[in-house]
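Undergrad: model this:
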Amino acid sequence: MPGDRAAATVVIALGNPLMGDDGVGLTALTVLRAGWTFVPPVRFLDGGSSGLNLLPTLGEADHALLIDAIDIGAAPGTLVALERPDLSRLGATARTAHQIGLREVFALAELMGAMPGTMVAIGLQPASVALRPALSRSVGAGVSGLVRAIITQLSLWGHDALPVDDRAERVCTS
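TA: The predicted structure follows:
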């Protein structure tokens with residue numbers, strides 16, 4: 001029965017781990033996958049720079065949480081949360097004519113009726129998005145707060161976070 005189905009929730013980490021703080025979403029995804037189980041289950045996806053490949057996933061979701069470096073001009077490492085109307089600030093448009101940016105993916109999903117009912121982006125203000133395989137100190141220090149914010153959002157959507165071991169709980173209490 002349709003009313004018996006648990007809401008489908010997807011967490012999509014965006015970014016490129018070779019571009020410094022742009023990899024913060026993937027870092028948070030790794031922490032979540034290793035340290036937490038969610039009831040009902042949550043689908044986790046490394047969206048990297050998937051572009052149009054995200055359309056089917058978005059179309060199947062009731063709730064979508066995007067994790068990324070989000071540049072709003074704040075101090076590096078600042079926690080940022082954007083609701084659906086403000087998601088145009090997330091992910092620039094395509095950098096070349098051969099790429100599809102998030103703005104284009106969202107616009108196409110909207111046209112196709114494939115947008116989730118609820119979509120939120122949570123991330124950290126980057127200090128540097130440049131070729132380097134590590135997060136800056138300020139963004140790295142903010143990862144535990146980012147994970148806590150993600151768990152809080154998932155809880156609001158009805159998903160209980162169960163730590164795999166006591167190390168996961170320490171991430172969310174430090």
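Undergrad: all helices of this structure, in order?
TA: For the chain, applying DSSP state H gives helices covering 24-35, 55-60, 102-112, 137-141, 143-156, 166-171.
Undergrad: roughly how far is the longest one from the heart of the chain?
TA: The one in question is helix 143-156. With CA atoms, centre = their mean, to the nearest Å as the basis, helix 143-156 stands 10 Å off its chain's centre.
Undergrad: and that helix, what other elements does it pack with?
TA: Other elements packing on helix 143-156 under the criterion 3 or more CB pairs under 8 Å, 6 or more residues apart in numbering; DSSP states H and E are strand 9-14, helix 24-35, strand 63-69, strand 79-83, strand 118-124, strand 160-163, helix 166-171. Every residue, glycine included, has its C-beta placed from N, CA and C.
Undergrad: what angle separates the third one from helix 102-112?
TA: Following axes from the mean of the first three to the mean of the last three CA atoms, to 10 degrees, one obtains 170 degrees for the angle between strand 63-69 and helix 102-112.
Undergrad: now for strand 63-69, which elements pack on it?
TA: Secondary structure elements in contact with strand 63-69, counted by 3+ CB pairs under 8 Å, 6+ apart, are strand 9-14, helix 24-35, strand 118-124, helix 143-156.
Undergrad: identify the bridge partners of the residue nearest in space to the middle of the chain.
TA: Residue closest to the mean C-alpha point of the chain, counted by CA atoms, centre = their mean, is Ile67 at 1.7 Å. Taking DSSP bridges as the rule, Ile67 bridges to Ala13, Ile122.
Undergrad: re earlier: make JSON lines from the helices and strands packed on helix 143-156 and add mean pLDDT and distance to Arg137 to it.
TA: Shown next, in JSON lines, are these (pLDDT from 0 to 100; distance: least, CB to CB, whole Å):
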{"stretch": "strand 9-14", "mean pLDDT": "94", "distance to Arg137": "21"}
{"stretch": "helix 24-35", "mean pLDDT": "96", "distance to Arg137": "13"}
{"stretch": "strand 63-69", "mean pLDDT": "94", "distance to Arg137": "15"}
{"stretch": "strand 79-83", "mean pLDDT": "94", "distance to Arg137": "16"}
{"stretch": "strand 118-124", "mean pLDDT": "95", "distance to Arg137": "12"}
{"stretch": "strand 160-163", "mean pLDDT": "96", "distance to Arg137": "26"}
{"stretch": "helix 166-171", "mean pLDDT": "61", "distance to Arg137": "18"}
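Undergrad: quick one: closest of those to Leu135.
TA: helix 24-35 (6.0 Å; CB to CB).
Undergrad: strand 118-124 and the closest one, what's the angle between them?
TA: Going by the same axes, to 10 degrees, helix 24-35 makes 100 degrees with strand 118-124.
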